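Quick one: sequence plus predicted model below, questions after.
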Amino acid sequence: MAQANESTERNIVIIGGSYGGVSTAHYLLKHVISSLASKYQFKVVLISAASEVMCRPACPRALILDELLPQDKLFVNIASVFEQYPRGSFQLLRGTAVDFDHSERTVKVDTANGHTKTVAFYAAVIATGARTHSPLLGYTKDENHLRETWAAFRTALPKATSIVVAGGGPTAIETAGELGEYLNGRADMFSSKLENPKVQVTVISGAAKILPQLRESIAQTAESYLARIGVTVLKGCPVASTSPASAGTLDVASPCMVTLANGHNLTADLYIPAYGTIPNSSFVSTTLLESDGRIKTNPKTLRIDNAGPRIYAIGDVASYARPAVHHILEAVPVLCANIKRDLLLDNGGQKAAAPADREFKVDTRETQMVPIGKSKGVGAAMGYRLPSFLVWLIKGRDYWLWTTGNL
Ligand SMILES: Cc1cc2nc3c(=O)[nH]c(=O)nc-3n(C[C@H](O)[C@H](O)[C@H](O)COP(=O)(O)OP(=O)(O)OC[C@H]3O[C@@H](n4cnc5c(N)ncnc54)[C@H](O)[C@@H]3O)c2cc1C
């Protein structure tokens, strides 16, 4: 049954407890709710499948060994970062949203303690992100499942002599780079390639070039760094299938045969599908989705225009920008300013007194940093190529672990 909205209580439901959801919750609690003069009491209800927020960009290194990164910074308890707010203004609901009824304005949740609960909302923000094909690279369920998956992979890793990483984007390159350096070490400074690596790590890129967001010369530098840690790159031949089909997805420790689209076969002791993501939007009506499964989101206002008033999306589940943490952090103030405007207008505010819509503008300049092992990296920021040292300094040292606790 719908959780009764007390006559004076209005829920602002946020679904998804990661970069988009947690940042939006903080912003609303700090800057929006406290500034609304209304007879209603607004409450932020954060629905999260996980109880910990994690630094997802760090997964390529974190999956290898706990000792490589401080665990208390990698995983941060969500409830603890909201203790600072007044009682009654925030609720964390542990569970998975299984149905979002935008007409009735309710969301049905399978709670972590085994119940089903329906929460009525006055405003809603969908921030459920996107999952990877490989469960090693972020939450496919919650933190416990991620740790179990890492444990299974780590048990198989010492026996592996061949690892295939499918994909040519930053996740695949970073994962191959971390594994290559950890398992093989680095060639001496006079060698362009590590001869006879202990473990054959192969990246298989479907596209003719790796790192599509970066220019050709940067991608070539990345390939040269990879060669020095025993990683081979095959380009222009996507993976067609694996046998068994569950390798790398349902079973992260399974040896398999990898068949490429050109008919060639490779054997792999471990296989990591590190290409693309799948938006976590199955609980939303298909009428609100793009053909790729992301939620159709107004690219300027971040409203879901087809869903009705005061319903928004942010982060990787939304269609307004490519998936990247910096785009989310730029989008949060825009989203929250527009939520504030909508709340003011619906709560007796005069149109003239409410601020105008704030508009999101995506920064399309070449910006991406890709560490390759613990001491090298390639990248660009705002259109300028970065030297390896700077990529290490900004990202490769710790994969931005400090961001998680500060969300
Ligand atoms: C391996 C890897 C490395 C990356 N590196 C970088 C990088 O270096 N720089 C960068 O800018 N970006 C990077 N990205 C992208 C970045 O991680 C994402 O843009 C970011 O995590 C998206 O945040 P989000 O809040 O939209 O969702 P996510 O981080 O995807 O989180 C979604 C949350 O919602 C929860 N959830 C899902 N479904 C439900 C449901 N039905 N009910 C309740 N909760 C649900 C999930 O459990 C999760 O906690 C990387 C991505 C990956 C996979």
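Arrived safely, thanks for sending. Numbering: from 1, shown residues only.

how about the residues of the protein near the ligand?
15-21, 47-50, 56-57, 59-60, 96-97, 127-130, 132, 137-139, 171, 280, 283, 315-317, 323-326, 328 (CB under 6 Å from any ligand atom). Using the backbone N, CA and C atoms, a C-beta is placed for each residue, glycine as well.

Which of the residues you listed fall in helices?
19-21, 59-60, 171, 325-326, 328 (DSSP state H).

what's the most distant pair in these?
Pairwise distances across those peak at 22.9 Å for 21 and 60 (criterion: CB to CB).

residues in contact with the residue of the stretch 251-400 of the chain at minimum distance from the ligand?
Here the residue of the stretch 251-400 of the chain nearest the ligand is residue 315; by CB to the nearest ligand atom that distance is 2.2 Å. By CB atoms under 8 Å, 6 or more residues apart in numbering, residue 315 lies in contact with 16, 18-21, 127-129, 323, 328, 331.

Same check on residue 246?
Contacts of residue 246 by CB under 8 Å, 6+ apart are residue 254.

Report the mean per-residue pLDDT for the top strand by length along the chain.
Taking DSSP state E as the criterion, the chain has its longest strand at strand 90-101. Strand 90-101 carries an average pLDDT of 98.

Just the residues contacting that strand, thanks.
Strand 90-101 has contacts (CB under 8 Å, 6+ apart) with 15, 17, 25, 29, 43-49, 51, 78-79, 82, 107-113, 116-117, 119, 124, 126, 128, 283-285.

one more time with 6 Å
Residues from elsewhere that reach strand 90-101, judged by CB atoms under 6 Å, 6 or more residues apart in numbering: 15, 44-47, 49, 51, 78-79, 82, 107-112, 283-284.

Just checking: what are the partner strands of the next helix or strand after that strand?
Beyond strand 90-101 on the C-terminal side, the first helix or strand identified by DSSP states H and E is strand 106-111. Strand 106-111 pairs in its sheet with strand 90-101 (antiparallel), strand 116-120 (antiparallel), by DSSP bridges.

how about those strands, which one is nearest residue 232?
strand 90-101 (39.4 Å).

can you pull the buried residues of the closest one?
90, 92-97, 99-101 (16 or more other CB atoms under 10 Å).

and residue 318, what is it in contact with?
For residue 318, the contact set (CB under 6 Å, 6+ apart) comprises 295, 297.

what's the distance between it and residue 312?
Separation of residue 318 from residue 312 (CB to CB, to the nearest Å): 8 Å.

hey, where'd the strands end up in the stretch 1-150 of the chain?
2-3, 9-15, 41-48, 52-54, 75-77, 90-101, 106-111, 116-120, 123-126, 130-132 (DSSP state E, counting those that start in this stretch).

For these, give me CSV that also has distance to residue 189.
Listed next are the strands of the stretch 1-150 of the chain as CSV, based on distance: least, CB to CB, whole Å:
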stretch, distance to residue 189
strand 2-3, 63
strand 9-15, 50
strand 41-48, 47
strand 52-54, 35
strand 75-77, 37
strand 90-101, 50
strand 106-111, 55
strand 116-120, 59
strand 123-126, 49
strand 130-132, 34
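
just to revisit the earlier point, possible to save the buried residues of strand 90-101 as a markdown table with distance to residue 66?
Output for these, formatted as a markdown table (distance: CB to CB, whole Å):
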| residue | distance to residue 66 |
| --- | --- |
| 90 | 31 |
| 92 | 26 |
| 93 | 29 |
| 94 | 24 |
| 95 | 27 |
| 96 | 26 |
| 97 | 30 |
| 99 | 37 |
| 100 | 36 |
| 101 | 41 |
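
So which of these is the closest to residue 233?
Among the buried residues of strand 90-101, residue 96 lies closest to residue 233 (CB to CB), at 37.4 Å.

where are the low-confidence patches of the protein?
1-6, 349-353 (pLDDT under 70).

Now do the domain split for it, please.
The chain breaks down into these domains under automatic domain parsing: 2-133+278-346, 135-275.

hang on, the earlier thing: let me know which of the strands of the stretch 1-150 of the chain is tucked in deepest.
strand 123-126 (a mean of 27; mean count of other CB atoms under 10 Å).

Now do that one: which elements does it pack against?
With contacts taken as 3 or more CB pairs under 6 Å, 6 or more residues apart in numbering; DSSP states H and E, strand 123-126 sits against strand 9-15, strand 311-313.

again, only using 8 Å
strand 9-15, helix 19-27, strand 311-313, helix 325-346 (3 or more CB pairs under 8 Å, 6 or more residues apart in numbering; DSSP states H and E).

Of the ones you listed, which is nearest residue 225?
Comparing the helices and strands packed on strand 123-126 by CB to CB, helix 325-346 comes nearest, at 23.0 Å.

What lies in contact with the helix or strand that that closest one is followed by?
Using DSSP H and E, the helix or strand that follows helix 325-346 towards the C-terminus is strand 368-372. Residues outside strand 368-372 that contact it (CB under 8 Å, 6+ apart): 170, 173-174, 177-178, 181, 211, 213-214, 222, 225-226, 229, 324, 377-381, 386, 391-392, 394-396, 399.

same thing with stretch 292-309?
Contacts for stretch 292-309 (CB under 8 Å, 6+ apart): 102-103, 105, 126, 130, 278-279, 281, 284, 287-290, 311-314, 316-321, 331, 334-335, 338, 342, 346, 357-362.

got the end-to-end distance for it?
Stretch 292-309 has its terminal residues 24 Å apart, counting by CA to CA, to the nearest Å.

and if you look at stretch 192-209?
End-to-end distance of stretch 192-209 (CA to CA): 20 Å.

quick one: it to chain centroid distance?
Distance of stretch 192-209 from the chain centroid (CA atoms, centre = their mean, to the nearest Å) equals 26 Å.

Next, count neighbours for residue 393.
12 (other CB atoms under 10 Å).

And residue 240, by the same measure?
13.

Can you say which of the ones in helices among the residues of the chain next to the ligand are buried?
Applying 16+ other CB under 10 Å to those flags 19-21, 59-60, 171, 325, 328 as buried.

Noted, bye for now.
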